[in-house]
Each structure stands twice: as structure tokens, then as C-alpha cells.
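A.B. asks: Just need the structure, nothing else, for what follows:
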Amino acid sequence: MRELYLSFFFAYTIFAIVNPYLQIILRNCGYSYQTIGILLALFEGAGILGPLVMGSLADKTQRFKDTILVSTAMTALGFILVTQGTSQWIVVSGLLVSAFFLRSIIPIQDTVATSLFEGDAKKYTKVRAFGTLGFVLFSLFYAAIKKPVLSDNASILRYILFGCVLFFLPVLAWKEKKRPKRKAKKVVVEPKRKKGAFYDSAFVVGLIIIALNRLSMSTVSSFLSLYMVEELHIEALTLVNALAASSEIVAMLIAGRLLQSNKVKPVTLLMISALGMVARLVIYAMVPSIFGIISGQLLHSLGYGVFHPAAVQFVFRRVKKSHRATGMAMYISLGTGLPAMLGSTFGGYVTQFYGYKVLFLSFSFFAALSALLCIIFRQLFSKPPIGEA
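C.D. replies: Okay, the predicted model is just below:
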């Protein structure tokens, strides 16, 4: 159990650097907004495929620990290529490799945690909040020592590799139980359900709701750092990200308690999260100042702190137990990766030709649509979930 908590804590030290600095790395390479948007879209595209492939592999082999270890090592290799590449093809190759494996780590780790806790949302949010705590503490530490250097890709790389090593060690110490291979089961035709389906109809609609929410979020993950540095001349990226992450901890713990006590359904929290994203993007657009940034970052509590435990619990309930790693991979890939890829691509063009204000306002529409779908399909979500059958 201790090793699991430590792995969550250190996993997000990687993201504490990658999230705010990847776009800066590409900008340091001399790429335009349009090109950065395309390169980030490629990164997200590889991030869609990675969790699906590695999640399926983990489900089939039941070797979750080994899958995460390999993914961590390959992530480090990918970022070495990105930051030290001497040609655009090497940079692109590094982006594809790093995204493929980096995005595979979290859904597999989440699967291990949710399976260990047998779907207990309260227990899961505690260990997940511990990961956010790691993100916050390391972000504050980096802000205090004023590292990495914004204009130096080698400096940024050192801290990415540092995070990979810190995460690798506790995962290496996992004591994974040997699980017997699943025996072939006789095919049972379930009523009103397609043969072989491991998810129900609500899962498909929910994935669309999640995707629309994350499409609006893509403007924050792909362009907020550039907006802060170039438009508002704010360079304390890790400090601002730490503020957002801090706000999510309490929200995540509250969401976990509500979900476990069945006082709210996951879809209700997804709707609240979507409305929070609308407010966040409108504030960025209409209040272009440090006060707008702080207000928007505090709304991360709704945009992600409430969203993630609700999404994880939704997947846990709406896919069969035997396919939870695959279901989690679909959430990460199709629910977050694909929207991020589309958002990076079109967001780059919108920013290039219309500016950041139009970018934030236009993408708030997708979050509003996500909230609307939660209301329209509320009856569908009231049906008994397949994961609890």
C-alpha cells in the first residue's frame, strides 16, 4: 500500500514539468503557433493510441507493474529525443514515443488502485489526491529554486528525467500478486446486450460528454502557458500550476466521499465540472490579468478536481470487471486524448489568426454542450450499470 501511495505521489512530478513546459520546449525550438498546435496534436494522437495498446496488453497479461516500468523508461527516452533532437523528424519521433508511453502510465496505475480498493471511490480519491499533493509540492519547489530555466531545453529535460526516476523506484518496489490466467468461459448470451460487449450504452454517451468537456480543457493544457508568458508576461508557470493543483485536492476528496455514499451520481459531477470549465474559460478571455489567471486556476477544482474521480467511477461502473484497464484506457485515449489532439490542432489556428480571447470563448461552447448532454440523457444514466451486474 505504501508503494502505491508513493508511486501516485511521484507520478505527477513528471507531469509537473511536462504539462506547463512542453509547449515552451517546442517554442524554444523556433516553431510557430500553427506548427506548435500541429506538433501538440501529434503528441495527443500518440497519447490516444498508447493507453489503448498498453491497457489491453496489461489486461491480457495481468502484468501491470512491468507495463508501467517499460512505459516510464520509454517516456524518458522520448523526451531525450524531443529536447536534444537535431532535426524535426527526431523531434516528432520523440513526441510520438513520449506521448504513447507517458499517457499509458496513469490509466494502468488507476486500474491497479481501483481494483485494489474494489471500486471504493473514497479510498481511490485519497490515493489520487496524494498524487496531486506530489504535483503541488514539486511545483512549489521548482518555483522556489526558479528551475527549470524557461529558455533552456536541456534544463527542462533534466527535471523530466528526475521525475521519471522518482516514479520508477516505488513502482519497482510494488509487490504484485501473481494472478492465474483467466480460463476460457462459455459464451453466455445476455438479454438486450450484444455478444462480447464489455460496456453498456451509457458508457458511450458518457464518453462523448467527457470528450466535449476535455475539448474545452485542451485550450488550458496546450496554450495557457504561452498565453501567460507572451501576453501577460507571467513566467511563474510552476507556481500557477501548483495553485490549480492545490485547489483540486479538497474538491477531489469531497467528490470521492459523495460518490462513495451514493449522494450524487458521477454524471451529476461531470455536469458541474463542465459548468466550471465554461466559467474558467470566460474568465481567461474577459479578465486578461494575474487576477483572471488566479481565478481561472482556482476553478480547476471543478474542471478537474470534481471531474476526474467522477469519470473514473463512471468507467468503473460502466465496463465489465475483466476489461477495466481497457475501459480506463478508452477514457484516457478517446475521452481526453482525442479531444486534446483536436483542440491543439484547431486551437493553434484560432490563436494564430484570432488571438487568445477568441480561443477561450469559442472553446467554452464545448463545455456548455457537455453539461447540456448530461441533462438530456439523465434517464439513460439511471439504468443499472454493467460493472455492478
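
A.B. asks: Excluding its own residues, what touches the least confident helix or strand in the chain by mean pLDDT? List them.
C.D. replies: Lowest on mean pLDDT, DSSP states H and E among the helices and strands of the chain sits helix 324-330, with a mean of 79. Helix 324-330 is contacted from outside by 51-52, 54-56, 58-59, 64, 104, 107-108, 110-111, 114-115, 198-199, 203, 207, 312, 315-316, 318-319, 387, using C-beta atoms under 8 Å, 6 or more residues apart in numbering. All C-beta atoms are positioned from the backbone trio N, CA, C, and that covers glycine.

A.B. asks: Stretch 219-229 too?
C.D. replies: Residues outside stretch 219-229 that contact it (C-beta under 8 Å, 6+ apart) are 19-21, 23-24, 27, 33, 36-37, 40, 150, 234-235, 237, 240, 280-281, 284, 293, 303, 340, 343-344, 347-348, 351, 356, 359-360, 363.

A.B. asks: rerun that using 7 Å as the cut-off
C.D. replies: 19-20, 23-24, 27, 40, 234-235, 237, 240, 281, 293, 340, 343-344, 347, 351, 356, 359-360, 363 (C-beta atoms under 7 Å, 6 or more residues apart in numbering).

A.B. asks: Run through the neighbouring helices and strands of the helix or strand containing residue 125.
C.D. replies: Here residue 125 is covered by helix 121-145, with elements defined by DSSP states H and E. Counting contacts by 3 or more C-beta pairs under 7 Å, 6 or more residues apart in numbering; DSSP states H and E, helix 121-145 packs against helix 2-28, helix 88-116, helix 237-260, helix 307-318.

A.B. asks: can you put those in TSV and add mean pLDDT, mean neighbour count and distance to residue 154?
C.D. replies: Shown next, in TSV, are those (pLDDT from 0 to 100; neighbours: other C-beta atoms under 10 Å; distance: least, C-beta to C-beta, whole Å):
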stretch	mean pLDDT	mean neighbour count	distance to residue 154
helix 2-28	88	22	10
helix 88-116	89	22	14
helix 237-260	86	22	17
helix 307-318	87	27	32
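
A.B. asks: Same list, those helices, but as JSON lines with distance to residue 79 please.
C.D. replies: Shown next, in JSON lines, are the helices and strands packed on helix 121-145 (distance: least, C-beta to C-beta, whole Å):
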{"stretch": "helix 2-28", "distance to residue 79": "8"}
{"stretch": "helix 88-116", "distance to residue 79": "5"}
{"stretch": "helix 237-260", "distance to residue 79": "17"}
{"stretch": "helix 307-318", "distance to residue 79": "24"}
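
A.B. asks: Any idea which of those helices gets closest to residue 146?
C.D. replies: Nearest to residue 146, of all the helices and strands packed on helix 121-145, is helix 237-260, at 9.3 Å by C-beta to C-beta.

A.B. asks: centre of the chain versus that closest one, how much separation?
C.D. replies: Centroid displacement of helix 237-260 relative to its chain, using C-alpha atoms, centre = their mean, to the nearest Å, is 14 Å.

A.B. asks: and residue 87, how many neighbours?
C.D. replies: 8 (other C-beta atoms under 10 Å).

A.B. asks: Oh, that last question was meant for residue 231, not what I typed.
C.D. replies: There are 12 residues near residue 231, going by other C-beta under 10 Å.

A.B. asks: That one contacts residue 357, correct?
C.D. replies: No. Residue 231 is beyond contact range of residue 357, at 9.5 Å (criterion: C-beta atoms under 7 Å).

A.B. asks: and residue 239, what does it touch?
C.D. replies: Residue 239 sits next to 139, 140, 143 when contact means C-beta under 7 Å, 6+ apart.

A.B. asks: Next, format these as TSV and append neighbour count and distance to residue 74.
C.D. replies: Listed next are those as TSV, based on neighbours: other C-beta atoms under 10 Å; distance: C-beta to C-beta, whole Å:
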residue	neighbour count	distance to residue 74
139	28	24
140	18	29
143	16	29
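
A.B. asks: Could I get those residues in CSV, plus columns for distance to residue 132 and pLDDT?
C.D. replies: CSV is the format used below for the contacts of residue 239 (distance: C-beta to C-beta, whole Å; pLDDT from 0 to 100):
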residue, distance to residue 132, pLDDT
139, 10, 85
140, 13, 87
143, 16, 84
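
A.B. asks: What is the nearest of these to residue 174?
C.D. replies: residue 139 (25.6 Å).

A.B. asks: excluding its backbone neighbours, what's nearest the closest one?
C.D. replies: In space, and not counting its chain neighbours, residue 139 is closest to residue 242: 3.5 Å by C-beta to C-beta, 6 or more residues apart in numbering.

A.B. asks: gap between the residue nearest to residue 337 when sequence neighbours are not counted and residue 82?
C.D. replies: Nearest residue to residue 337, sequence neighbours excluded (C-beta to C-beta, 6+ apart): residue 48, at 3.8 Å. Look at residue 48 and residue 82: by C-beta to C-beta, to the nearest Å, they are 18 Å apart.

A.B. asks: More neighbours: these two, which one.
C.D. replies: Ranked by neighbour count (other C-beta under 10 Å), residue 48 and residue 82 place residue 82 first, with 28 against 23.

A.B. asks: Quick one: distance of the one helix or strand residue 160 maps to to the chain centre.
C.D. replies: Element membership of residue 160, judged by DSSP H and E, is helix 153-172. Taking C-alpha atoms, centre = their mean, one finds helix 153-172 lying 18 Å from the centre of the chain it belongs to.
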